[in-house]
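**Q** Using only what follows, build the 3D model:
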Amino acid sequence: MKCRATLHICAIMVILLITWGISSKSFDRWKKARQFLVSVTISPEPKCSLSRVCLPDRFALNIRSGAANVVGPKICFEGKIIMSHVLNNVRPGLNIVVVNDESGDVENVDSLNMKNGNSEEILEYLRNIKPGMIVLAASFGDVTPVLTDEIREVFVGMGSTLIEAVKSRDGWVFAGRAGAQNKSLYEKHAVSNKETNIYEGWPGMVEIGGCFPKTLTGGLNP
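**A** Predicted coordinates:
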């Protein structure tokens, strides 16, 4: 009798262990399935107020020029506002953000005094940006007083096709790459015109946004 009772208890324990094992595996499978479904159904949010999510090989950006000489510009990169009037880190002139092309790290943030700054120092600063670096630029106020032909040429070398046409009180935003041979698709120019200006003697804001490629499709100038 004792043997039968012992065998009976052992059998029950074996059944319980088997049941527990099956339940544990089922729970693990259910948990993994749930995690997979959550990862599939929850889509990432677009960055920098874009209408779509950028692919992994591209950076999200949005650049807005200043409004007249009152409201400062805004530069957003990869979901983070780098420069803005609210952050109190923009100044009249050209506001510049330099980004590492590979990591997306911000290497430098600066405001170039284009009213009475030293044009030679500005030129040297721009020429010292390493080839391949992404350059984001937004105007605030009149940027032409010390915008020399040499400075314009540096931006042309970054892919700009509109900087040569920028005149007094115009608005300008740009995203390019230092040393790039190919023309940038990320650039806009607001022409100051007395008949169409929406502020007192100033055009409206100009803005660009999109997914900037991480890798260069063309080549670099030495």
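
**Q** Can you name the helix or strand that the closest residue to M158 other than its chain neighbours falls in?
**A** Nearest residue to M158, sequence neighbours excluded (C-beta to C-beta, 6 or more residues apart in numbering): G176, at 3.7 Å. Quick note: C-beta positions are derived from backbone N, CA and C, even for glycine. Using DSSP states H and E, G176 maps to strand 171-177.

**Q** Repeat that for N69.
**A** Per DSSP H and E: nothing holds N69, as it lies in no helix or strand.

**Q** following the worst-scoring helix or strand of the chain on mean pLDDT, which helix or strand comes up?
**A** Here the helix or strand of the chain ranked lowest by mean pLDDT, DSSP states H and E is helix 2-41, holding a mean of 51. Reading on from helix 2-41 to the C-terminus, the next helix or strand found by DSSP H and E is strand 58-64.

**Q** What about G79, how many residues nearby?
**A** 17 (other C-beta atoms under 10 Å).

**Q** burial of the residue nearest to it when sequence neighbours are not counted, as a residue count?
**A** With C-beta to C-beta, 6+ apart as the criterion, G79 has its nearest non-adjacent residue at 3.5 Å, and that residue is K47. Neighbour count of K47, defined by other C-beta under 10 Å: 20.

**Q** likewise F77?
**A** F77 has 23 neighbours, counted by other C-beta under 10 Å.

**Q** Hmm, it is touching V97, no?
**A** Yes - assessed by C-beta atoms under 8 Å, F77 is found in contact with V97 at 6.6 Å.

**Q** Quick check: the gap between the residue lying closest to L185 once chain neighbours are set aside and F59.
**A** Nearest in space to L185, with sequence neighbours left out and distances taken as C-beta to C-beta, 6+ apart, is G210 at 7.6 Å. Note on G210: its distance to F59, by C-beta to C-beta, to the nearest Å, is 9 Å.

**Q** swap in E207?
**A** 17 Å.

**Q** any idea which residue sits dead centre in this protein?
**A** In the chain, the centroid-proximal residue (C-alpha atoms, centre = their mean) is F77; its distance is 2.4 Å.

**Q** dump the residue contacts of the residue nearest to L185.
**A** L50, A60, L61, L185, Y186 (C-beta atoms under 8 Å, 6 or more residues apart in numbering).
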